[in-house]
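Participant: Provide a 3D model corresponding to the input given below.
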Amino acid sequence: MVDQLVAYPITSDRARLARVPSALSVKPVFAERLKQSREAVIVSGKPMTKAEFVRRLNSEAETTYNDGNVRGWEREVGAAMPSARIIPAIAIVLDVSTDYLLGLTDDPTPPPRSAARAAEELARVAEQGP
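Facilitator: Numbers count the residues shown, from 1 in each chain. I've put the predicted structure just below:
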């Protein structure tokens with residue numbers, strides 16, 4: 001059995017892990033990018049408010065967040081991050097990639113969505129109205 005084990009060099013794992021930001025370094029980046037991305041979305045001629053963002057997030061993720069949650073997420077220190085389950089919903093609402101929100105890339109372009117997913121999103125937005 002031991003003869004079948006493959007040894008991987010530790011240095012390659014360390015190098016790969018060195019590129020992954022720590023939780024402490026992600027929070028300020030996430031807070032800044034969340035706020036910038038939210039404010040970049042124009043709703044009725046104005047930047048998206050926290051209240052509008054929460055409404056859309058709750059619809060997308062079927063949750064019950066409020067303005068206070070968003071205020072905490074947009075603070076660079078001292079507040080919790082949203083759960084891993086909610087970050088993709090945030091990215092969908094803001095039309096950015098999760099990698100961008102988490103500071104893994106500087107490109108905010110979201111990955112392409114399937115036609116079925118895009119149709120579902122358009123139908124949901126149409127139902128919600130302006």
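Participant: low-scoring stretches of this protein, by residue?
Facilitator: Along the chain, the parts satisfying pLDDT under 70 run over 1-24, 78-79, 125-126, 128-130.
Participant: For it, which segments count as strands?
Facilitator: Using DSSP state E, the strands of the chain run over 42-43, 46-47.
Participant: Quick one: closest of these to residue 27.
Facilitator: For residue 27, the closest of the strands of the chain is strand 46-47, at 22.5 Å, according to CB to CB. The C-beta positions use only the backbone N, C-alpha and C, and glycine is treated the same way.
Participant: which residues touch that closest one?
Facilitator: The contact list for strand 46-47 (CB atoms under 8 Å, 6 or more residues apart in numbering) reads 38, 39, 40, 41.
Participant: Which strands border that strand, and is each parallel or antiparallel?
Facilitator: Take DSSP bridges as the rule and strand 46-47 pairs in its sheet with strand 42-43 (antiparallel).
Participant: can you list the strands of the chain in CSV and add distance to residue 62?
Facilitator: Rendered in CSV, the data for the strands of the chain read as follows (distance: least, CB to CB, whole Å):
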stretch, distance to residue 62
strand 42-43, 21
strand 46-47, 25
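Participant: Please name whichever of these is nearest to residue 32.
Facilitator: Checking the strands of the chain against residue 32 by CB to CB gives strand 46-47 as the closest, at 15.0 Å.
Participant: chain center to the closest one, what's the gap?
Facilitator: Taking CA atoms, centre = their mean, to the nearest Å, one finds strand 46-47 lying 20 Å from the centre of the chain it belongs to.
Participant: next one: stretch 55-70
Facilitator: Taking CA atoms, centre = their mean, one finds stretch 55-70 lying 13 Å from the centre of the chain it belongs to.
Participant: Stretch 30-44 too?
Facilitator: That offset, for stretch 30-44, works out to 11 Å (CA atoms, centre = their mean).
Participant: Likewise for stretch 59-77?
Facilitator: 12 Å.
Participant: That concludes my questions; thank you for your assistance.
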